[in-house]
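Trainee: build the 3D model from these lines:
(one chain, ligands or ions: 2)
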Amino acid sequence: MATPDSKPVRHFLSLLDLSPAELRKLVKRATELKQILRSGELYEPLKNQTLGMIFEKSSTRTRISFEAGITQLGGHALFLSSRDTQLGRGEPIEDSARVISRMVDCVMIRTFEHEKVELFAAHSQAPVINALTDLLHPCQLLADMQTYFEHRGDIAGKTVTWVGDGNNMCHSYINAARQFDFKLNIACPKGHEPNNDILQAAGDRCQIIHKPIEAASGADLVVTDVWASMGQEEEQRQREITFADYQVNDAVMAETQPDALFMHCLPAHRGEEVTASVIDRPDSVVWDEAENRMHSQKALLEMLLCS
Ligand code: CP
Ligand code: NVA
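Mentor: Ligands and ions are numbered 1, 2, ... in the order given. Predicted coordinates:
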């Protein structure tokens, strides 16, 4: 467990918190850890270590992948819902961070405002992992990159097309384009563009091409996400109208490279952002992508806690 006189802790709040070399190493290690697990070999470097998992939003993949992952590494996970802790009753984030991080070895947080995870991290003596905020979802990108590398090799120099909202996933794809050196075409409706600072920082690697058919031209990977993210449920009806033309369907996939992959962080809404014909293809990689959440986060926990 971290103590006040330990070396400075490293957090993972954004893909930009690791260097491109560290990210590549992590993705490679994720595949190794997957092979170790499949071989039946026990690998428990985190014995007696505890991961605190703070959830202020729903989750299937993130909770299960972190909980199963740390168990496989020999450690233990604590599920902390804001409904059942003092966090939900207004205990200051700074105080919660000081207290929780004195008892656990790592903290994973899923919340609304990105500033909350930054504030928590600033007062935590244990590493903090961003498990999704309204701004970013970096853990999903570790899994997506691992999945691309496993199926198609290096993503450097490839073309990725994002179709849909300029949301937390889109922002993390922009950061991934910087860190893994690929080109990103973003097809989003006017008024739903990604954060301009995040976009500008990526330079000419990322461009907005509003029409999905044009943005998908020659793509090696097409990615989408729900039209209304968690916290935007009341906008669902309006978004169904605004995003009606922002669907990954057979016509969009016909514009890509013949061996292009399709990814979706899930949960998916068939008939909205993606058709069943695209997501349910026999060779769809979305299930590998979901499973890789666990392997890549094991690599992340190992990097943050063992080095
Ligand atoms: N992709 C993802 O983060 O899924 P959950 O919301 O189920 O955790
Ligand atoms: N953009 C989605 C991602 C879910 C994993 C959301 O924030 O709800």
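Trainee: SS state for Glu67?
Mentor: helix (DSSP: H, G, I helix; E, B strand; the rest coil).
Trainee: quick check: pLDDT value at it.
Mentor: pLDDT recorded at Glu67 is 98.
Trainee: which residue comes closest to it once chain neighbours are left out?
Mentor: Nearest non-adjacent residue to Glu67, counting by Cβ to Cβ, 6 or more residues apart in numbering: Ala77, 4.2 Å away. Just so you know, the C-beta spots here come from the backbone N, C-alpha and C atoms, and that holds for glycine as well.
Trainee: against His137, how distant is the one you found?
Mentor: Ala77 sits 19 Å away from His137, going by Cβ to Cβ, to the nearest Å.
Trainee: ok, Pro127 touching Phe12?
Mentor: Yes. In this structure, Pro127 is within contact of Phe12 by Cβ atoms under 8 Å, at 7.1 Å.
Trainee: now do the shared contacts for these two.
Mentor: Residues touching both Pro127 and Phe12 by Cβ atoms under 8 Å, 6 or more residues apart in numbering: Leu304.
Trainee: who has more neighbours, these two?
Mentor: Shown here are Pro127 and Phe12; by other Cβ atoms under 10 Å, Phe12 has more neighbours (25 against 22).
Trainee: tell me who's in contact with that one.
Mentor: Leu18, Pro127, Val128, Ile129, Asn130, Pro138, Cys139, Leu300, Leu304.
Trainee: tell me which of these is nearest to ligand 1?
Mentor: Cys139 (7.4 Å; Cβ to the nearest ligand atom).
Trainee: show me the contacts for the closest one.
Mentor: Phe12, Thr62, Ile129, Asn130, Ala131, Leu132, Arg293, Ser296, Gln297, Leu300.
Trainee: where does it land in three-state SS?
Mentor: Applying three-state DSSP: Cys139 is helix.
Trainee: can you tell me the closest non-neighbouring residue to the spatially most central residue of the chain?
Mentor: Centroid-nearest residue in the chain: Gln140, 2.1 Å away (criterion: Cα atoms, centre = their mean). Leaving aside its sequence neighbours, Gln140 sits nearest to Cys265 (Cβ to Cβ, 6+ apart; 4.7 Å).
Trainee: can you get me a residue count around that neighbour?
Mentor: Neighbours of Cys265 (other Cβ under 10 Å): 25.
Trainee: before we move on, what about Glu91?
Mentor: 12.
Trainee: checking it next. Helix, strand or coil?
Mentor: Under three-state DSSP, Glu91 falls in the coil class.
Trainee: now it: closest residue in space that isn't a chain neighbour?
Mentor: Thr85 (7.9 Å).
Trainee: which residues does that neighbour contact?
Mentor: Ile54, Glu91, Ser96.
Trainee: wait, the first one touches Cys106, no?
Mentor: No. With contact defined as Cβ under 8 Å, Ile54 does not reach Cys106; the gap is 11.4 Å.
Trainee: okay, these two: which has more neighbours?
Mentor: Set side by side, Ile54 and Cys106 show more neighbours around Cys106, with 29 against 24, by other Cβ under 10 Å.
Trainee: tell me the pLDDT of the more buried one.
Mentor: At Cys106, the model reports a pLDDT of 98.
Trainee: and stretch 42-51, how far apart are its ends?
Mentor: 19 Å (Cα to Cα, to the nearest Å).
Trainee: return the set of buried residues in it.
Mentor: For stretch 42-51, the neighbour count (16 or more other Cβ atoms under 10 Å) marks Leu46, Gln49, Thr50, Leu51 as buried.
Trainee: now the third one: closest residue in space, sequence neighbours ignored.
Mentor: Read that as Thr50. Nearest to Thr50 is Val104, by Cβ to Cβ, 6+ apart, at 4.4 Å.
Trainee: burial count for the one you found?
Mentor: Val104 - counted by other Cβ under 10 Å - has 22 other residues nearby.
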